[in-house]
Structures are given as structure tokens and as C-alpha cells.
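Novice: take a look and give me a structure for this.
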Amino acid sequence: MNDKTKTIVLYAIIIFTLFTLTARTFYLQVIRYNYYKELSQNKSIRIITIPTIRGRILDRNGNVLAEDVPSYELAVTPEYIKNFDSEISFVGKIIGMSAKDIKKRIETSGIPSFNKIIIKTGLTMEQVVKIKEHSFELPGISVELGTKRYYPRGEIGENFIGFVGMVTKEEIGKDSFYNYDDIIGKQGIEKEYEKFLRGKKGKEEVQVDASGRIIKVISEEKPLPGDDVYLTIDLNIQKELEKLVGNRKGAAIAINPNNGDILAMVSHPSFNPNDLINGISEKEYKKLSSEYAFFNRAVQGQYPSGSTFKPITLIAALTKGVITRNTVIYCKNSIRIGNVTFRDWIYPAAFGYQNAVQALANSSDVFFYTIGTKTGIAEIDKFAKAFGLGEKTGIDLPGESSGLLPTPQWKKEVLGEDWYIGDTANLSIGQGYLLVTPLQMAEVYAGIAKNGTEYVPHLLLKIVSTSGKIIKSYDKKERLKVKIPENIINTVKDGMEMLANRYDMKVMKVGERSVCAKTGTAEVGKNAVDHWLIAFSTREKPQIVGLFFFDHSDFPSSHSLAPLMEKLFEAYFSRYKGGK
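Specialist: This is a model prediction of the structure:
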């Protein structure tokens, strides 16, 4: 190729390159102008989660126990705060939280510093106004309008309703439904039926500019509110039971023995869950924890049953044929078993000659020491297990305890000791190593009331969608059935009815309705006892089983609980007629 040809080729390349660049520039600056203008403004597509409304919790008659309500919330975006300590301290004084508690909430939230962290819900209008007045001095701190969980009955029913709280990292790791700023059921029904109550979140696909402002909504999926959960609880009976327990430490239960419906359940000490929702100090939280206020004594507490265990010992002895209904035993004020002297509770007095019915009504320890040791641990354990002791009842609440039904094998494996006849004597009267929950004992007596049949105790009545459709309803489930001859179960009921007809106990009878009852006193330390009273009415057509349990009781005796049972039965029969 000569020089002239090379020059022509070079010019051709230059001209082509210039033409291409000119054409590309025209395309980019004229034809695609709008497109690249939008890109230059840093517009992007984002997915925004739309929170949903949590479902309500209601009693069997539609009275609201928990719901979401509008709420002003204090939100903090740490990245935007200029003077962290001073701003946090200032706003803390307004909302009644220490700077330490606010910092801890931020640090433990797990939420990135560029996102808003909800510090406290339920701000008063006065607090909102004060914060907004200083909004220019508080960058990164804002007041948001959202919703909060509200418990209109306060402490009433807290032990089974439970409460909600901010989701943790661990909970997020287990379920992709949650984001860092979500709430989740932490205890009780709120936790048990979380997947029904939480609803379904919505989402928006939006276009935002460089400042994060929404320019356009591209698509939207509306949130679906959570389902309503109806409970078997009767609020009026619940209120009465709460009042009867008062400020004493203990538990109380009302259950329908025909289907396992929990009509009322109380555990005390308790707390107002609204205080948790609105935010409490670390000091207040520690105080509640030290009082075991978050502990549901009715299903989690494990205690010696005292004499309320005696019907099981009697059933075992009668079934094995150790005694009959008419067997008479002379009961002194104490009995020697092995190398130990076991005293009767009435010591130094004595009951004298007693048959099975009289001994159960009088709760003669010597009588039950005698028949218990003759019956043997194997038979007593068999019937205790048959009635469900040592196992969870299956109630629809998280954290239920199983209690402890001691056996020779258990003692050897756990304590490294042999089982002695004295251990059998103690178990015969509900002492020793035996531990039960109040709910377990309510179930035992529901089983006695129904001649050996127990139903799974439950709180769920039905779950209803926002459209009114019943998604789930509870059908009664038989938990167990103990085969007990009619004459034996009648012997037990005769003893319990004899007790209920005593001069200091007959107050329990509402009208002419029959009552079967058993008291219990368990030694739990030097000069300290727990008191029990369990009863059902009526004997012929049992409709309700009531239980009162007081931990380190201040009552004179377990018989002193009879007026409480009377009030419970009055509350029930005034609403649900029937039974004579």
C-alpha cells in the first residue's frame, strides 16, 4: 500500500469514528435524554413493607381482651443523631425513660443504625407536643403514628393472654416473616396462636429519588389483618376469680369437666401488660421478675399436693382389695413406720375408728399411711399416672410443666438412693417428692367428677377471620380414661360430699346444689404451708370444677377457703343455670 492509499484509509477511519461518536452523542443526549435524566437523579425501585393489624383476643362472649389501637411512638434513627448523649438524655426525661434504658433498647434491637428504632409506644399528647417543639434540636428523633397492642382489662387474664414484644434476632432467624421492627407474641395466647394473630403484611413497589422520597407507586399488595381468637374464658367469672384471689400468692382455676373448657384462670402476683407495651425501666422489669410475675403458677408452678392426693391413694387401695368401703381402721394420733413415727395432722388428738368415707372426709393421715403402705408404691404410682400426674395436660399454653411423680427408679437414678416404705407413706398423703401443677389437680378432680374421664384442658374456642369465617374451632378431646368400678368412685365421692356438708364447708353449696370437695395442706418449710381446696358441683351432673391454691398461705386452714369456692360457684350458676 502506497502513502496516498494509507492517507485515504486513515482519513476514512477518522471520519467514521467522528461520525460514530456524533451519532452516539445524538442518541444519548436527544433520543435517550429522559431516560438518562432519571438515572442522573439516582432514581431506584424499592419494596416497602406495609404493617398489618394484629388480630384481637376475645372471651367466649365477645368481650375484647387484647386489640391493636392507634398510638404515637417515639422513633430513633441513630445515624442521624448529632449529639447522642444529650439528645437521648433530653428526650428520656420527656418520656420517663433513662438514657441507659434507651441506649440498651437501641443496642439490643439488632436494627441497622440507618433505620428507625421504636423506643416507646403509647406517648401521651403532652409528650408528643414537647418532642415536636424541639424537633429541630433533635435530628434523628421523631414521633410516628402507628399502632400498639392494648389490653383493655389490664391485669385481668394476663397469665393466659400473655403479651407481645419486639422480635429478637433469634426469632427472625427462625421465621422469615419478621423484620427487625416487628412485634411478636412473647407469652400466653399471644405466643401460642401467633401465626393466626399476626396477619399478613402488605407491600408496595415504589420508585424513589436520591433523597428517598417516593415518586411513584408501581404496585401495591394490601395487608391482611390477623384473625380473631375467641377463648373459652368467661370474663365475668374471670373477674370474680381475680377478686377472690386478691393480692395473695397463688393460683385459681374454673374448668368445665364435660369438655375441658377453661372458664377462668388466675395466677398471682401478676402485672399489667400495658406497662410493658408502653415501656418500663430495667429496674421495674427486674422487680416484676423477682416477684415471678411472668410465671403462670396455674400451669408452670410445681407444688406438693397435700391431702388433695388422697382420693388417688384410696382408689388404688380399694381397687387392689387392701380395704373395702366398710373396712374400719383404728386411727391413733400417730403411726410407726420403719424407724420413723408419722403423726396425724390432728395430733395430739386422734380420729379413732374410721372407714374409707369418714377417713377421706376427715383427711385422716394415719388412715392413709396405713392403706398406702399396704397398697404399695407400684399400685399408687399406677393410678397417679393413670390420672395424668407426672405428665403435661396438653393445654394450649407455652411453657407448661409436667410436675414430678416419684418412683423407686426415679429416686435411684436421680438421687442415688433406695426407695423406703416411709417414701410410700409420704406419697400416700401427697407429701414427699411429689410435685403437681394446679391445672393437673383440677384435671384429676374433673376426672373424678366424670367417673374417670378427663378431657384435654384448653383455652381456644374458635378462630374467626376478618370476613367472619370460622377458620378453626375446638372440638373436645378425651385426654384419658381411668377404669374405676362404680362402687369405688362412689365411695370417693361420698367422702368428698361428706366433707362438703360439714358445718364449716357447706357454705359452698349454692341453693340445694350438691358439692364434692377435698382440702389439702402441704408443709413447705418451717411454719409455712400451702393450702388447697378443689371442688365440683353438682355431684350428679358436674358442670364446674373449682380450684384454689395459695403458696405460703396466710389462711388459718384450708377449710377457710370454702367461702371463696362459694363465691366462684355463685358466679358460675348465676350465669349458667342447671344442676341440683
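Novice: my read: T491 touches T319, true?
Specialist: No: using CB atoms under 8 Å, T491 is not in contact with T319; the gap is 10.9 Å. Every C-beta, even on glycine, is put in place using the N, C-alpha and C of the backbone.
Novice: quick one: terminal-to-terminal distance for stretch 151-162?
Specialist: Its first and final residues considered, stretch 151-162 spans 10 Å by CA to CA, to the nearest Å.
Novice: how far out from the middle of the chain is that stretch?
Specialist: 10 Å (CA atoms, centre = their mean, to the nearest Å).
Novice: show residues contacting it.
Specialist: 57, 64-67, 163, 185-192, 231, 233, 235, 238-239, 242, 262, 265-267, 270-274, 277, 296-298, 397, 459 (CB atoms under 8 Å, 6 or more residues apart in numbering).
Novice: try it again at 7 Å.
Specialist: Stretch 151-162 has contacts (CB atoms under 7 Å, 6 or more residues apart in numbering) with 57, 64-66, 185-191, 233, 238-239, 242, 265-267, 270-274, 296, 298, 397, 459.
Novice: show me where the stretch 451-580 of the chain has strands.
Specialist: 453-455, 460-464, 470-473, 478-481, 516-525, 528-537, 544-550 (DSSP state E, counting those that start in this stretch).
Novice: so which of those gets nearest P78?
Specialist: Closest of the strands of the stretch 451-580 of the chain to P78 is strand 460-464, at 39.3 Å (criterion: CB to CB).
Novice: so what does the closest one touch, helix or strand wise?
Specialist: If you count contacts as 3 or more CB pairs under 7 Å, 6 or more residues apart in numbering; DSSP states H and E, strand 460-464 packs onto strand 228-231, strand 470-473.
Novice: only alpha carbons, please: show it as PDB.
Specialist: The C-alpha trace of strand 460-464 is given here as PDB (Å, rounded to 0.1, in the frame of the first residue of the first chain):
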ATOM      1  CA  LEU A 460     -59.200 -21.900  72.400                       C
ATOM      2  CA  LEU A 461     -62.900 -21.700  71.500                       C
ATOM      3  CA  LYS A 462     -62.600 -20.700  67.800                       C
ATOM      4  CA  ILE A 463     -60.600 -18.600  65.400                       C
ATOM      5  CA  VAL A 464     -62.500 -16.200  63.100                       C
END
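Novice: got a list of what L439 touches?
Specialist: Counting by CB under 7 Å, 6+ apart, L439 touches I253, A298, V299, T393, I395, P457.
Novice: surely it is within a helix?
Specialist: Yes: assignment of L439 by DSSP: H, G, I helix; E, B strand; the rest coil places it within a helix.
Novice: what is the neighbour count of the residue lying closest to it once chain neighbours are set aside?
Specialist: Excluding the flanking residues, the one nearest L439 by CB to CB, 6 or more residues apart in numbering is V299, at 4.9 Å. V299: 26 surrounding residues under other CB atoms under 10 Å.
Novice: same question, N487
Specialist: When neighbours are counted by other CB under 10 Å, N487 comes out with 10.
Novice: let's number from 585 now, not from 1
Specialist: Got it, the first residue is 585 from now on, which makes the last one we talked about N1071.
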